[in-house]
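Peer 1: this one's structure only:
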């Protein structure tokens, strides 16, 4: 099961870092995310996050965080958090 938690606002290709604006809920280190857009569709586990160049372990609604990604993401791509059924 997935729940939408945000969207991509920027991608730094030289760093492979996507900036996520959290629009619902929270993101924590260790969460599994699904990035989905017109040409984007992959899963990534959050290894680390940064806010204003400082490491953080979670981000809440209204915050923007940078997350290293294995594939390019694009502005307006949606970000979903995988929720276990248990």
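Peer 2: Looks like it came in fine. Computed from a predicted structure; not experimentally measured. Residues are numbered from 1 along each chain as shown.

Peer 1: Quick check: which ranges of the chain have low pLDDT?
Peer 2: Across the chain, the ranges flagged by pLDDT under 70 are 85-86.

Peer 1: So which residue is dead centre in it?
Peer 2: The residue lying closest to the centre of the chain (C-alpha atoms, centre = their mean) is residue 20, at 5.0 Å.

Peer 1: wait, what's in contact with it?
Peer 2: The contact partners of residue 20, taken as C-beta atoms under 8 Å, 6 or more residues apart in numbering, are 5-9, 27, 59, 64-67, 79. The way it works is simple: take the backbone N, C-alpha and C, and place the C-beta from them, glycine included.

Peer 1: Out of those residues, the closest to residue 45 would be?
Peer 2: Closest approach between the contacts of residue 20 and residue 45, by C-beta to C-beta: residue 67, at 10.1 Å.

Peer 1: Looks like the closest one contacts residue 16 (just checking).
Peer 2: No. Residue 67 is not in contact with residue 16 according to C-beta atoms under 8 Å; the separation is 9.7 Å.

Peer 1: More neighbours: which of these two?
Peer 2: The neighbour count for residue 67 versus residue 16, taken as other C-beta atoms under 10 Å, is higher for residue 67 (24 against 14).

Peer 1: For the more buried one, give the beta-bridge partners.
Peer 2: Beta bridges link residue 67 to residue 18, residue 49 when assigned by DSSP bridges.

Peer 1: That one and residue 28, how far apart?
Peer 2: Applying C-beta to C-beta, to the nearest Å, the value for residue 67 to residue 28 is 11 Å.

Peer 1: Next: residue 22.
Peer 2: Distance from residue 22 to residue 28, by C-beta to C-beta: 11 Å.

Peer 1: what's the answer for residue 68, then?
Peer 2: 15 Å.

Peer 1: before we move on, back to that, of the contacts of residue 20, which is the nearest to residue 51?
Peer 2: Out of the contacts of residue 20, the member with the shortest distance to residue 51 (by C-beta to C-beta) is residue 65, at 5.0 Å.

Peer 1: No further questions, thank you.
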